[in-house]
Each structure stands twice: as C-alpha cells, then as structure tokens.
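Enquirer: Got a sequence here, can you build the structure:
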Amino acid sequence: MKLRDLIKQMQTNYYKMLVIVDNGRQPEKIIRPLQQEGWTAVDVTDAVLKLIESIPENKVKVRIGGKLKEWFHSLPDRLILYNTTILYSPELGRLNPVGAFKYKSREKEIIVLLEGRLAGNRIQYSHYGRPDYAEMDVSEVIHARMEDIDG
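Expert: Take a look at the predicted model:
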C-alpha cells in the first residue's frame, strides 16, 4: 500500500488522521519524504516532558489534558506525531493517542505513529492487566501497519 494513497484516503475522511502502527520504530520512513512536502514532525515524548515541567507532580493527571490541547493548537496544520508511548503512562492518566488528537483532526491533517498490535479496527498497547495497557478504536480513521506501507 502506498503512503500517498493512504494520505489521499485520509484527506477525504471526516477525521483527517492516519494512524500507523510502527513497532519497528521506523519514523524516518514516513517523516523524511513528507517533510519535503511541508509536513512538520513532532516528537510527542519531548513535547510532553516539556509541558509537565510546569505542572506540580500531584496535578499532572488533572492538568495534562488541558496543556496538551493548548500545545496542539499552536502546531501547524500538517503534522506527523511520533514517539507517542509516553501518553500511555499511568502517571499521565493513560491517555489514548488516537483519542487525544482525533477531534482536532477535523481541522488539521495528522499522521500518528504508535506502537501496538493492530487487530481489525482496534489497536492494543501493552498487555491486559498492566498499568500502561490501552485499547484504541481506529474504525473512524485511516490506519495501517508500517510494514504494509511502500514509499
């Protein structure tokens, strides 16, 4: 499956979000060609660590959602979000990367690279019962496995 075809599908979808399951940690396969077309790549872990510096430790779970929204509004319209596993952290309230950004994908084109197991229209991260376990519904967004994407 071609990356360009996935992006075209995404652009005609209500939610302009493409979720790519990347367990091999190969973000450059997506980032390099798209940056040449004006896309902006953002390391989510770096951004979140900067955001929580100003939040008292005992208030992080309560305030991180608002901080993420503020931060996200300041970003350009064509985004590649990678290194997203920090969002699954129990310390942040186990945020769902798809849910965290899907709503805003009506206004911005977003590609989210995340780890997990894709099974039909669901992505599972970690193992059931673990504190960082998350299950995401991706039925409303375009999604694929990194290994299924050609240049």
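Enquirer: What residues sit buried inside the top helix by length along the chain?
Expert: Longest among the helix segments of the chain by residue count, using DSSP state H, is helix 60-73. Buried residues in helix 60-73, defined by neighbour count with 16 or more other CB atoms under 10 Å: 60, 61, 64, 67, 68, 72. Glycine gets a C-beta too; all of them are placed from N, C-alpha and C.
Enquirer: what do you get for stretch 100-120?
Expert: 100-102, 104-105, 108-116, 118.
Enquirer: Looking at it now, give me its mean pLDDT.
Expert: Across stretch 100-120, the average pLDDT comes to 93.
Enquirer: Just give the closest residue to residue 79, not the sequence neighbours.
Expert: residue 110 (5.0 Å; CB to CB, 6 or more residues apart in numbering).
Enquirer: Against residue 72, how distant is that neighbour?
Expert: 9 Å (CB to CB, to the nearest Å).
Enquirer: residue contacts, the residue most central in space within the chain?
Expert: Centroid-nearest residue in the chain: residue 112, 3.3 Å away (criterion: CA atoms, centre = their mean). Residue 112 makes contact with 17, 18, 19, 20, 81, 84, 97, 98, 101, according to CB atoms under 8 Å, 6 or more residues apart in numbering.
Enquirer: Select from those residues every entry located in strands.
Expert: The strands, defined by DSSP state E, take in 17, 18, 19, 20, 81 from these.
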